[in-house]
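Student: Give the three-dimensional model of this entry:
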Amino acid sequence: MNFLRLPFLVKLTLVVVSIIGLGYLLALGQSILAPFFLAFLMAMLFLPAATFMERKLRFPRSMSTMTSVFIMLMILCGIIYFFTNQLSDFSKDLPHLQEQFTTVFNSLQHWVSKTFNVKVDEQVDYINQGLNKLLSSSGVILGFTFGIFSTGFGFIIFFTLFFIFILNYRRLLNNFIVTVFNERHKASVQEAVNEIRIMTKKYIFGLFLQVIIVSVLTSTLLTVLGVKYAILLGVLTGLLNVIPYLGIFISLLISCFIAFATSTPSTCIYVALGYIAIHAVDGNIVLPFVVGSKVKINALFSFIGILLGEHLWGIAGMFLCIPAIAIIKIICERVDDLKPWGRLLGEEQKPDKKKKSYKISKNITLKEMD
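Tutor: Alright, predicted model coming up:
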């Protein structure tokens, strides 16, 4: 079979046009593609539970799917109730928060003026006016927070329906992917699909565990330091930590702001040091041992992915871009012609690097994942 060989510039033009066209389609189909991809990730997370119900409990496919949906909706309602309750308490304390922040900030202003003999009255007045407007507008703060965690009733409806369809028709979708290729490649395609499905499931589950671990560590740190709304800030940090580098920085600023307004300025320093320690633990222990190194994305493409995700799908895109890049990396590493792209997306591999292991007890040993 003779293949048409195109000049390099023609190939490059086709690739660029394809990327632009794909990006346009992704932006155009945001209202459908964003809940579909989130539903796919959640379906991979609930797939072991659905399989267990079908094989061990002898549930029909439809019953196992609806049971999984019920469990997922219960968890979602619990999360919404938690944030609604916490934000309600936060909105009630906004006037007190404003007063305390103003007092602390004025004291800091006088200390700076007295110590360094710097006249900053006009600048501080401007900052105070801006902060007073920000703190007095509880609707803006609550609206922004809800905008992060909720994208509307329609999004939830589409997400739930896609979740049901993906779980219920997963075998049909798997057979389509396998049969769409040539018959002689059927066995290798099926093997690749199975590997991708297993790796994706492990990655999503590891990401879920990472959110829980970071949330617990942060909540414990803030509780020990006496920072108000410690649990709310801890859960927020765990969720924002899904966004590499940028997420932990945003949560650090929010926590330092609350600590500064409700406690002493020195507490902010302890909070910042604690966040740095948690980030170090997350990067050197949680990620290698829970998520694994095969789906780890390097900092450059993580940052590019965050910018593209925010541009295409807004805040939802910032959360979904990293799992999307990880799945693309998994696919590229299992297709011969795309392996260089898979290596480009991942971290630099050291051939002689040994896996880390920590012995917790006589019978429990933590080993670094692949």
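
Student: which SS state does residue 227 fall under?
Tutor: For residue 227, the secondary structure call by DSSP: H, G, I helix; E, B strand; the rest coil comes out as coil.

Student: Okay, and the nearest residue to it once chain neighbours are set aside sits in which element?
Tutor: Nearest in space to residue 227, with sequence neighbours left out and distances taken as C-beta to C-beta, 6 or more residues apart in numbering, is residue 259 at 4.8 Å. Any C-beta I mention is one placed from the backbone N, CA and C, and that applies to glycine too. For residue 259, the element it lies in under DSSP states H and E is helix 246-262.

Student: List the buried residues in the next helix or strand after that helix.
Tutor: On the C-terminal side of helix 246-262, the nearest following helix or strand under DSSP H and E is helix 265-281. For helix 265-281, a neighbour-count test (16 or more other C-beta atoms under 10 Å) marks 267-268, 270-271, 274-275, 278-279 as buried.

Student: neighbouring contacts of stretch 227-239?
Tutor: Counting contacts by C-beta atoms under 8 Å, 6 or more residues apart in numbering, the residues outside stretch 227-239 that touch it are 82-83, 86-87, 89-90, 93, 149, 210-223, 247-248, 251, 254-255, 258-259, 262-263, 267, 271, 275, 319.

Student: One more pass at 7 Å, please.
Tutor: By C-beta atoms under 7 Å, 6 or more residues apart in numbering, the surrounding residues in contact with stretch 227-239 are 86, 90, 211-212, 214-215, 218-219, 222-223, 251, 254-255, 258-259, 262-263, 267, 271.

Student: Was I right to think residue 218 contacts residue 278?
Tutor: Yes. Residue 218 lies in contact with residue 278 (C-beta atoms under 7 Å); the separation is 6.0 Å.

Student: sec struct for residue 59, please.
Tutor: Looking at residue 59 with three-state DSSP, the answer is coil.

Student: for the nearest residue to it once chain neighbours are set aside, what are its contacts?
Tutor: Distances taken as C-beta to C-beta, 6+ apart put residue 53 closest to residue 59, at 4.2 Å, once the chain neighbours are dropped. For residue 53, the contacting residues are 59, 64, 67, by C-beta under 7 Å, 6+ apart.

Student: and if we set it to 8 Å?
Tutor: Taking C-beta under 8 Å, 6+ apart as the test, what residue 53 contacts is 59, 63-64, 67-68.

Student: can you tell me which of those residues are in helices?
Tutor: Among the contacts of residue 53, DSSP state H puts 63-64, 67-68 in helices.

Student: okay, residue 66: pLDDT?
Tutor: We note a pLDDT of 91 for residue 66 in this prediction.

Student: no no, residue 32
Tutor: Reported pLDDT at residue 32 in the predicted model: 86.

Student: Need the three-state assignment for it.
Tutor: The assignment at residue 32 comes out as helix when based on three-state DSSP.

Student: Spatially nearest residue to it, not counting backbone neighbours?
Tutor: Of all residues beyond its chain neighbours, the one nearest residue 32 is residue 158 (6.8 Å), with distances taken as C-beta to C-beta, 6+ apart.

Student: Quickly find the element holding the one you found.
Tutor: When elements are assigned from DSSP H and E, residue 158 belongs to helix 153-168.

Student: what's downstream of that helix, the next helix or strand?
Tutor: Scanning the chain past helix 153-168 towards its C-terminal end, the next helix or strand to appear is helix 170-179 (assignment: DSSP H and E).

Student: what does that following helix contact?
Tutor: 43, 47, 166, 186, 189-190, 193, 197.

Student: what angle sits between that helix and helix 153-168?
Tutor: An angle of 70 degrees separates the directions of helix 170-179 and helix 153-168 when computed by axes from the mean of the first three to the mean of the last three C-alpha atoms, to 10 degrees.

Student: For helix 170-179, buried residues please.
Tutor: Those would be 170, 178, for helix 170-179 by 16+ other C-beta under 10 Å.

Student: Show the average pLDDT along that helix.
Tutor: Mean pLDDT, helix 170-179: 82.

Student: Find out how far it is from the centre of the chain, if you would.
Tutor: Its chain's C-alpha centre lies 28 Å from the corresponding centre of helix 170-179 when counted by C-alpha atoms, centre = their mean, to the nearest Å.

Student: lowest confidence element among the helices and strands of this structure?
Tutor: Counting by mean pLDDT, DSSP states H and E, the weakest-scoring helix or strand in the chain turns out to be helix 138-149, with a mean of 46.

Student: State the number of residues packed around residue 310.
Tutor: Using other C-beta atoms under 10 Å, residue 310 has 17 neighbouring residues.

Student: Hmm, I typed the wrong one, I wanted residue 189.
Tutor: With neighbours defined by other C-beta under 10 Å, the count for residue 189 comes to 16.

Student: Residue 60 now?
Tutor: For residue 60, the count of nearby residues is 10 (other C-beta under 10 Å).

Student: List the residues that contact it.
Tutor: Contacts of residue 60 were listed using C-beta under 8 Å, 6+ apart, and they are residue 54.

Student: Got phi/psi on it?
Tutor: For residue 60, the backbone dihedrals are phi -60, psi 160 (criterion: degrees, to the nearest 10).

Student: can you pull the pLDDT of it?
Tutor: At residue 60 the predicted local confidence, pLDDT, stands at 90.

Student: do the same with residue 84
Tutor: pLDDT recorded at residue 84 is 82.

Student: In which helix or strand does it reside?
Tutor: When elements are assigned from DSSP H and E, residue 84 belongs to helix 61-92.
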